[in-house]
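A.B. asks: Could you look at this predicted model? Sequence included:
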Protein chains: 2
Amino acid sequence: MSLINRQLRLKTRPQGLVKREDFELVQQPVPELKDGEFLLRVLYLSMDPTNRVWMSDIPQYMPPVAIGEVMRGLGLGRVVASKSAHYAEGDLVQGLTGWQDYAVIDERRRKDYAKLPAQTTMPLPTLLGACGFSGITAYYGLTEIAPVQPGETLVVSAAAGSVGSIAGQIGKLHGARVVGIAGGPDKCRYLVERLGFDAAVDYKAENWKQALAEATPDGVHVNFENVGGAVMRAVLGRMVNGGRVALCGLIANYASGERPSDDYSVIIVKRLNVRGFLAFDYADTHKAVHELVSWVQSGRIKAEETIEDGLENAPQVLNQLFDGSHRGKLLLRVSDENV
Amino acid sequence: MSLINRQLRLKTRPQGLVKREDFELVQQPVPELKDGEFLLRVLYLSMDPTNRVWMSDIPQYMPPVAIGEVMRGLGLGRVVASKSAHYAEGDLVQGLTGWQDYAVIDERRRKDYAKLPAQTTMPLPTLLGACGFSGITAYYGLTEIAPVQPGETLVVSAAAGSVGSIAGQIGKLHGARVVGIAGGPDKCRYLVERLGFDAAVDYKAENWKQALAEATPDGVHVNFENVGGAVMRAVLGRMVNGGRVALCGLIANYASGERPSDDYSVIIVKRLNVRGFLAFDYADTHKAVHELVSWVQSGRIKAEETIEDGLENAPQVLNQLFDGSHRGKLLLRVSDENV
């Protein structure tokens, strides 16, 4: 069997939003497996703001993707061939598969490629979303980075997104008053009516800062921040003295092409504790995943995915993260699940 | 005895550096004391970056000084008359005296007016500087906000200033490698040769970023930050993952008149913990003052003051904080100590 692998390789570094022409679609045969390697058929790719960061030659927590390299991306796949004792045909694996149909992976990198329960009743998109790195990120942000206490007010930005929607629901499980910020009345209704947020603020509405003030009468104790820019400035302006910020993402900065104009002064004025974090730093996510799975299965956390199709569409689909046209976890289906 | 009180009242909000004309020098008789009040002869005024912040109508931790109001300022004075059971003639008192010759203070505000040991052997300028709020700020920054451990690298900006010089020396007492950032070769020599810093970086030198890199071969574990702007950006760029920042001041922003262009991204990239703090928040500073006094008296911490003269000169003297022309604690002598 000679398999053909399609790969999206970075051709030029995007300015602002991503364009199809920033990538080259290369087709080539899958190479023979060497001892210790296994072959993964990519089923779903996770579309994350960090993909956009990896395309730019700026300081970041991993090296940027080199020109000519397969685009880096988190995905979920099924093992279709193996010369490794650690992975068997049929295994479900999550990790940095890259933007391609097939990934050849060396078992020595196995700490980065987690096996998922093969006979799960959980839909795979939910395993990659709410119970994958998005959910794990929300989990650590509100347990280890900025634990939220019963009765406190938590504000989550990009609250209808993959991480924010889970963070807000975890906040509710912890007994907090949870206010979400999202774009448009539909998303705001979704947050309150479907996910159980106490209030939602539509940052596209004219009077949104006033609405934020009204939704946070006791101030803001914890900010789970995904957006940055004007949204974050408004939230920090509502924080109580000594408030805590779990700084998860700054999507307003990633594709704007503009120089950030943040202001550290508020951190002093309000004696804030601002902590940046990355879910990738947690070596053992077993407990987090276990809790997330049980919350989803019991219905205490509601997971939603927006699924688009076709590897070749990855660049345009990624842009949905920045125009706010999706809800929940944004995924790209690369292959039928039954491979 | 009819005493005349000179007061510097804020006339206009300064743009950038402070001008003499931004203030009005008002002379008026000291009013009769009411029951519970006492009269303080101001001896020294503490010249602090926060004075400049208080002049501007921007968000801050106290209301800005109102137009027409006596300029707010920390000072040290001697009680020269009292109708309070809590303060006696001759007592030395530290607190918000304001920019004036005499302050009438109500004993109900006594938590903000600390009595100092009247028979101290410590020079009064040192009591107001290294053992006053400057030293207290350094103390809490490196014990409670961002404790530094033996063998770690601490970088202090504005290191030859009132807070920075004490912070660096406390870092040495804690066993850290201490690198100071200051302006000019004289200050840098002073940090290393007189205060015992391990290295000093002259941010006015052309190759200062390279020098900072060479002075921090293991990266930076703790940043005690007084400056902000380009200096802070360079230091954050050298931080290790998980580094801690005690955010004390952002003097680069206070008088520049420009919109800050900070960037929160580095906090995520390096998983930093950034904490803003104010020494004013600590209600009981007894332990801190006690330790500072004993360190200064034993010579383990060296204190230095730059003392200027004349209440009427306060605005121009304050500007020395921003042009870097002083060393150690900047004080204004308002009256002879023997009153």
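C.D. replies: On my side now, so go ahead.
A.B. asks: Kindly export the lowest-mean-pLDDT helix or strand in chain A (C-alpha atoms) in PDB.
C.D. replies: Lowest mean confidence among the helices and strands of chain A (mean pLDDT, DSSP states H and E): helix A:251-254, at a mean of 80. Extracted in PDB, the C-alpha atoms of helix A:251-254 (Å, rounded to 0.1, in the frame of the first residue of the first chain):
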ATOM      1  CA  ILE A 251      -5.900  36.900  20.700                       C
ATOM      2  CA  ALA A 252      -6.500  40.600  20.100                       C
ATOM      3  CA  ASN A 253      -2.800  41.000  19.600                       C
ATOM      4  CA  TYR A 254      -2.000  37.900  17.500                       C
END
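A.B. asks: Going along the chain, name the strands of the stretch 1-150 of chain A.
C.D. replies: With DSSP state E, counting those that start in this stretch as the criterion, the stretch 1-150 of chain A has strands at A:4-10, A:23-29, A:37-46, A:74-82, A:92-96, A:102-106, A:114-116.
A.B. asks: As TSV, these with mean neighbour count would be great.
C.D. replies: In this view, the C-beta of every residue, glycine as well, is placed from N, C-alpha and C. TSV is the format used below for the strands of the stretch 1-150 of chain A (neighbours: other CB atoms under 10 Å in any protein chain shown):
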stretch	mean neighbour count
strand A:4-10	18
strand A:23-29	13
strand A:37-46	24
strand A:74-82	22
strand A:92-96	21
strand A:102-106	21
strand A:114-116	16
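A.B. asks: one step back: quick check: next helix or strand after the least confident helix or strand of chain A?
C.D. replies: As assigned by DSSP states H and E, the chain's next helix or strand after helix A:251-254 is helix A:265-269.
A.B. asks: I would like the residues contacting that next one, please.
C.D. replies: With contacts defined as CB atoms under 8 Å, 6 or more residues apart in numbering or on different chains, helix A:265-269 is touched by A:233, A:236-237, A:239, A:272, A:274, B:58-61, B:247-250, B:253, B:260, B:274-278.
A.B. asks: Measure how buried A:G16 is and give me the count.
C.D. replies: 13 (other CB atoms under 10 Å in any protein chain shown).
A.B. asks: any idea how far A:E308 is from it?
C.D. replies: Relative to A:E308, A:G16 is positioned 21 Å away (CB to CB, to the nearest Å).
A.B. asks: now do A:I181
C.D. replies: Counting by CB to CB, the separation of A:I181 from A:E308 is 24 Å.
A.B. asks: Give me the more crowded residue out of the two.
C.D. replies: Each of A:I181 and A:E308 has its neighbours counted (other CB under 10 Å); A:I181 has more, 31 against 17.
A.B. asks: mind listing the strands for the stretch 151-300 of chain A?
C.D. replies: A:153-156, A:177-182, A:199-202, A:220-225, A:239-247, A:273-276.
A.B. asks: looking at those, which is buried most?
C.D. replies: Stretch with highest mean neighbour count among the strands of the stretch 151-300 of chain A: strand A:153-156 (a mean of 31; mean count of other CB atoms under 10 Å in any protein chain shown).
A.B. asks: now for that strand, which elements pack on it?
C.D. replies: Packing contacts for strand A:153-156, counted by 3 or more CB pairs under 8 Å, 6 or more residues apart in numbering or on different chains; DSSP states H and E, involve helix A:162-173, strand A:177-182, strand A:220-225.
A.B. asks: Please state the offset of the last one from the chain centre?
C.D. replies: A distance of 18 Å separates the C-alpha centroid of strand A:220-225 from that of its chain, computed with CA atoms, centre = their mean, to the nearest Å.
A.B. asks: relative to strand A:177-182, how tilted is it?
C.D. replies: Counting by axes from the mean of the first three to the mean of the last three CA atoms, to 10 degrees, strand A:220-225 lies at 40 degrees to strand A:177-182.
A.B. asks: Show residues contacting strand A:220-225.
C.D. replies: Residues contacting strand A:220-225 (CB under 8 Å, 6+ apart): A:138, A:141-142, A:146-149, A:152-157, A:164, A:167-168, A:171, A:176, A:179, A:232, A:235-236, A:238-240, A:243-250.
A.B. asks: now swap in the longest one and tell me
C.D. replies: If you take CB under 8 Å, 6+ apart as the criterion, helix A:162-173 is touched by A:48, A:129-130, A:134-135, A:137-139, A:141-142, A:148, A:154, A:156-159, A:178, A:180, A:182, A:191, A:195-197, A:222, A:224, A:226, A:248-249, A:292, A:295, A:300-304, A:327-330.
A.B. asks: got the angle between it and strand A:239-247?
C.D. replies: Using the same axes, to 10 degrees: helix A:162-173 against strand A:239-247 is 130 degrees.
A.B. asks: Could I have the CA atoms of helix A:162-173 written out in CSV?
C.D. replies: Coordinates of the C-alpha atoms in helix A:162-173 are reproduced here as CSV (Å, rounded to 0.1, in the frame of the first residue of the first chain):
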residue,chain,number,x,y,z
SER,A,162,-13.2,26.5,23.3
VAL,A,163,-11.4,27.5,26.5
GLY,A,164,-13.6,30.3,27.8
SER,A,165,-16.8,28.2,27.6
ILE,A,166,-15.3,25.5,29.8
ALA,A,167,-13.6,28.0,32.1
GLY,A,168,-16.9,29.7,32.8
GLN,A,169,-18.6,26.5,33.6
ILE,A,170,-15.8,25.4,35.9
GLY,A,171,-16.2,28.8,37.6
LYS,A,172,-19.9,27.9,38.2
LEU,A,173,-19.0,24.5,39.6
